[in-house]
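Enquirer: test case, fold it:
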Amino acid sequence: MDLAQVESDLLLGDDSRPSSSLENDFLSACCRVDLGKALSHDIARSLLEDTAATNVQSYLSGLDDRIARHADQIEALALGASLLRGYMQVNYTGPWLAPSIYAVIPARLDGTEVLSALDSDGCTPYALVQAAVLLLTAERVLSACKVDAGLQTLARWRLRAAYAHQKLLDEPSAALHDKIYDAESVEACRVYAATQGADALASWHLELAHIHTFYSQDTLARNELRNAEQASGVILRISGAMGRRTKFQTFDTSQLVVLAVSSRKTEDDDTAVANTANGDRPKIEHLNLNDDTLLERVAFAKRDPQVRPVVEASEELPAELQSLDPGAQPPLHLVDSCVLLSDAAIFRINSAADDEIALEQMGAFVSRVLQDIGSKGDEEPALKHARDWTIDSTALLLRTRAEGHRSRTVERSVMQLQVLVDQLVDGMSEQQSFIQRADNASTRNDASVAARLRHLFALPLHSKWDLQAELADKYVGLGLVKSALEIYERLQIWERVALCHGASGRDDLAKQVIEERIAAAEPQDNLPKLWCLLGDVTKEPSHYETSWRISNERFARAQRSLGKHHFDNGRLSEAIDCYRRSLAINPLNHGAWFILGCAALSLERWSEASEAFTRCVSIDNADGESWNNLASALLQSGRDRAKDAHRALRTATSLKFESWRMWHNYALVSMDVGQIAEAVRAAKRVLAIRGSQEGHLDRDLVLAVASDLTATEPPTSTTSDNADNDDEEVTSTSAPVLRGWAKMAYDFLTKDVKPLVTRDAGMYRCLARVYMWRGGRDGDALDCEERAYRCVAGLPAETSYTDLQTVTTAAIDLVAAYENLGDRPGRFGGVLMKDWRYKAKSTLRTLKGRARAFEGTEAYTTIEQALEALKQG
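Expert: Sure thing, here's the model as predicted:
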């Protein structure tokens, strides 16, 4: 028996493989995803049956022993994979898996005890999950398999089981996170995938990308997406093409389009032919828009019937894409479709909920994948090319999200989502399912289990209850609160039940519903969570304490809620203590670390704040607010941390590009660490965001930039490079050019700051010094000195001696500037100001006349002395 081939077939799960290709019937059934045959086989019975076990823990202990003693570890691996697939079939893809199929697992195992065993770090599993014992048993079987048995895919199956377990919990679990991100296991998965061809490697990268997204590691997720694109060889670009969206549109406009082609043979090959021959062609109800204005799809323009639609900037596209018809692109390889859908899903998760550009981009990716879906007539939807059931379902699900924000498409969005929910409960009775089928559901799915599971982990995972809750959320968005309430109550999502009642102004009813649920609580109910919800509704902190007590101090949310209550009421020390207790149980909660850090900042506990925000950015490295707060804490920790703070703020501004406050902080810290070029760039960004107004200038920052600039060596021909000169008013003969940060600072002060200054004499004098330092700009320097005097000349010097002193100082500075610059060569020949003496005397005489009330004072005497000096000169 070729062990490597068996592992490859097991990972692929291809039901088109002949059952006689393996001599071992059990392994053959597992590889073909024939769960009924696999779990009823003697090998499965010998490993799973236990007549002596009295509870879950004793059963699991005995299972460990039987797996360890089993001679053929590949059979144990195959059993664990089949159990995991059974769990995923029941809760993610359908169709219903009858309990009789896995009756080999003792039915006496208590369901509540199974759920308790799946609890991790105080994170509780969803109470209405079905066949949870399959997941628990799969994890235990896979963990008991011997690492030294030469099983190359064991790490991959363990990772999948841990991720499925994590998706079942209400919060990220630190223990499962560490298990999933075990460096040795991840590397083993990568190495094995690299030996199995392009499809296997691309699928691995996609699988890892979705895990990164779940844990908010957005940068890592994007990197894995790029790796998947390279591995699969798909060539794709986002571009534009002329076309029309409405039926009555009389002219073409630019339309967003995703151009993509597969570099390998598409799936109209042997697998697709075999599936079609077996009658296993997946059929999914693909609802038409049926709108009186919008077209079903964009109609791309053509110059004539023989010419393809014109793609904008086609010369910039790869050669493979330049000849594509955007409206009739060739079918994609299945893994390439997974890449496009994953790209759309991850991009949407990382965008704001109301970001219409992101929604349009997601719609363009989905439309490209859905191009391969066609129809035969008006009744039964079909496919132009052999497709994958899970890929098509995911594409339609993403389309419902892309269309949910538009009034003309929201109806199809809701109805299509209902169809997707209905197809997951095929073959189940209302007693078996907590999901209620729509009355008009007409689609029956005959896609095989293997077809549904084949690419499941390469796409975003959505459980049955996730989809049903999403449908209820859409109802709420449409104002159908009562219909949404029915779904939430059926799914036992009590926090959303309370929100619905609160939105209806019935807080009393929200309280009543939760109290009734607590009073009638069943063993599988999450009582600590219900008590927390009651505390949220009533604002009574004692309920959080009750939740903490009855959970044996293991329910982290109770302490988080209590900490939030203390934080909102200004009891910051108590809030920090509560969050510390919560994080001791579940250290992966980003929100808890963030509020703890904010409380520590308010209490000036800088090291504690630094630790908290460091943990925040390690959990979610795309959180700009946490990076900004981390910088603040580091700055307060001491001057030796200024460079660390600068790096943190640089990351924050890249994530919060439109936040002028972060850019302003970055500018200040850049000046503090001597990064003047970065300070200038940040200051310019602040003006771009806030608008070019004098009040938006940071005076101290501008003065600091000017001070640092004029403190450097003035530019000379030996310190400059003529190639960098773009100052039209300074020629190479009048002054040398600038380069580097000095050029950035000079341009910022003279081109960005100067036009905004209107009333600040100090800023004008600062600009005058900059022009003097620059050389060759004497006229501009003198103009700034004159403007500086005008800014203060209007002060009431006649009645206020303090104002007189200010005006006198400005006048003396102006006279000095006249003396220093007036006789210098002008820009267009002659002297700069030949009548400068007359202007200086006029300025002083006018001021002397205004100051008669203060004759004999120091300021008055200074004016007289300056006038006398001019007369003698």
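Enquirer: so which residues of the protein form strands?
Expert: Ranges of strands in the chain, per DSSP state E, are 235-246, 253-261, 294-300, 373-376, 380-383.
Enquirer: what residues does the first one touch?
Expert: So that's strand 235-246. Contacts to strand 235-246, defined as CB atoms under 8 Å, 6 or more residues apart in numbering, come from residues 229, 251-263, 293-295, 298-301, 309-314, 317-318, 320-321, 326-327, 339-340, 361, 364. For every residue, glycine as well, the C-beta is placed using N, CA and C.
Enquirer: return the set of buried residues in it.
Expert: 235-237, 239-244 (16 or more other CB atoms under 10 Å).
Enquirer: again, but for the second one
Expert: By neighbour count on 16+ other CB under 10 Å, the buried set for strand 253-261 is 255-261.
Enquirer: that strand packs against which elements?
Expert: strand 235-246, strand 294-300, helix 319-322, helix 334-349, helix 356-370 (3 or more CB pairs under 8 Å, 6 or more residues apart in numbering; DSSP states H and E).
Enquirer: now tabulate the strands of the chain in JSON lines and tack on mean pLDDT and distance to residue 741.
Expert: Output for the strands of the chain, formatted as JSON lines (pLDDT from 0 to 100; distance: least, CB to CB, whole Å):
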{"stretch": "strand 235-246", "mean pLDDT": "90", "distance to residue 741": "36"}
{"stretch": "strand 253-261", "mean pLDDT": "91", "distance to residue 741": "40"}
{"stretch": "strand 294-300", "mean pLDDT": "88", "distance to residue 741": "48"}
{"stretch": "strand 373-376", "mean pLDDT": "49", "distance to residue 741": "56"}
{"stretch": "strand 380-383", "mean pLDDT": "40", "distance to residue 741": "60"}
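Enquirer: now residue 63: closest residue in space, sequence neighbours ignored.
Expert: Using CB to CB, 6 or more residues apart in numbering and skipping residues adjacent in sequence, the residue nearest residue 63 is residue 140, 5.5 Å away.
Enquirer: which ones are touching that neighbour?
Expert: 60, 63-64.
Enquirer: from residue 110, how far off is it?
Expert: 16 Å (CB to CB, to the nearest Å).
Enquirer: repeat that for residue 818.
Expert: 97 Å.
Enquirer: ditto for residue 758
Expert: For residue 758, the distance to residue 110 - CB to CB - is 78 Å.
Enquirer: show me which of the buried residues of strand 253-261 is closest to residue 772.
Expert: residue 256 (53.1 Å; CB to CB).
Enquirer: beta partners of the closest one?
Expert: Beta-bridge partners recorded for residue 256 (DSSP bridges): residue 240.
Enquirer: do I have it right that it meets residue 360?
Expert: Yes: the pair residue 256 / residue 360 is scored as a contact, 5.6 Å apart, by CB atoms under 8 Å.
Enquirer: so what's the residue count around the residue lying closest to residue 329 once chain neighbours are set aside?
Expert: The shortest distance from residue 329 to any non-neighbouring residue, by CB to CB, 6+ apart, is to residue 371 (5.9 Å). Using other CB atoms under 10 Å, residue 371 is surrounded by 20 other residues.
Enquirer: likewise residue 75?
Expert: The local packing of residue 75 (other CB under 10 Å) involves 22 other residues.
Enquirer: okay, the nearest residue to it once chain neighbours are set aside: pLDDT?
Expert: Leaving aside its sequence neighbours, residue 75 sits nearest to residue 43 (CB to CB, 6+ apart; 5.5 Å). Looking at residue 43, its pLDDT stands at 92.
Enquirer: so what's residue 43 up against?
Expert: Taking CB under 8 Å, 6+ apart, one finds 26, 75, 79 in contact with residue 43.
Enquirer: in helices, which of those residues fall?
Expert: 26, 75, 79 (DSSP state H).
Enquirer: of those residues, closest to residue 785?
Expert: Distance to residue 785 across the ones in helices among the contacts of residue 43 (CB to CB) is lowest for residue 79, with 88.3 Å.
Enquirer: quick revisit: and the buried residues of strand 235-246, which is closest to residue 459?
Expert: residue 236 (16.9 Å).
Enquirer: verify the contact between residue 48 and residue 103 for me.
Expert: No: contact between residue 48 and residue 103 fails when scored by CB under 8 Å: they sit 9.8 Å apart.
Enquirer: higher neighbour count, the two?
Expert: Higher neighbour count among residue 48 and residue 103: residue 48, with 21 against 13, using other CB under 10 Å.
Enquirer: got the contact list for that one?
Expert: Applying CB under 8 Å, 6+ apart, the residues near residue 48 are 39, 63, 79, 104-105, 137.
Enquirer: run the last query once more with 7 Å
Expert: Neighbour list for residue 48: 104-105 [criterion: CB atoms under 7 Å, 6 or more residues apart in numbering].
Enquirer: ok, residue 677 next?
Expert: 741, 744.
Enquirer: same question, residue 87
Expert: 131, 134-135, 138, 164.
Enquirer: roughly how far apart are it and residue 164?
Expert: Using CB to CB, residue 87 is found at 7 Å from residue 164.
Enquirer: how about residue 461?
Expert: Distance of residue 461 to residue 164, computed by CB to CB: 8 Å.
Enquirer: could you do residue 800 as well?
Expert: Taking CB to CB, one finds residue 800 at 79 Å from residue 164.
Enquirer: can you check residue 139 too?
Expert: 9 Å.
Enquirer: same check, this time on residue 55
Expert: From residue 55 over to residue 164 the distance is 23 Å, taken as CB to CB.
Enquirer: compare these two (neighbour count), which wins?
Expert: Taking other CB under 10 Å, residue 55 and residue 164 do not tie; residue 164 has more neighbours (22 against 12).
Enquirer: can you tell me the closest non-neighbouring residue to that one?
Expert: residue 135 (6.1 Å).
Enquirer: now do the contacts for the one you found.
Expert: By CB under 7 Å, 6+ apart, the neighbours of residue 135 are 84, 87, 164-165, 168.
Enquirer: show me where pLDDT drops low in the stretch 101-250 of the chain?
Expert: 108 (pLDDT under 70).
Enquirer: how about the helices in it?
Expert: Ranges of helices in the stretch 101-250 of the chain, per DSSP state H, counting those that start in this stretch, are 111-118, 132-144, 154-168, 174-180, 183-194, 198-214, 218-232.
Enquirer: need these in a markdown table with distance to residue 490, can you?
Expert: Listed next are these as a markdown table, based on distance: least, CB to CB, whole Å:
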| stretch | distance to residue 490 |
| --- | --- |
| helix 111-118 | 18 |
| helix 132-144 | 18 |
| helix 154-168 | 19 |
| helix 174-180 | 28 |
| helix 183-194 | 38 |
| helix 198-214 | 26 |
| helix 218-232 | 33 |
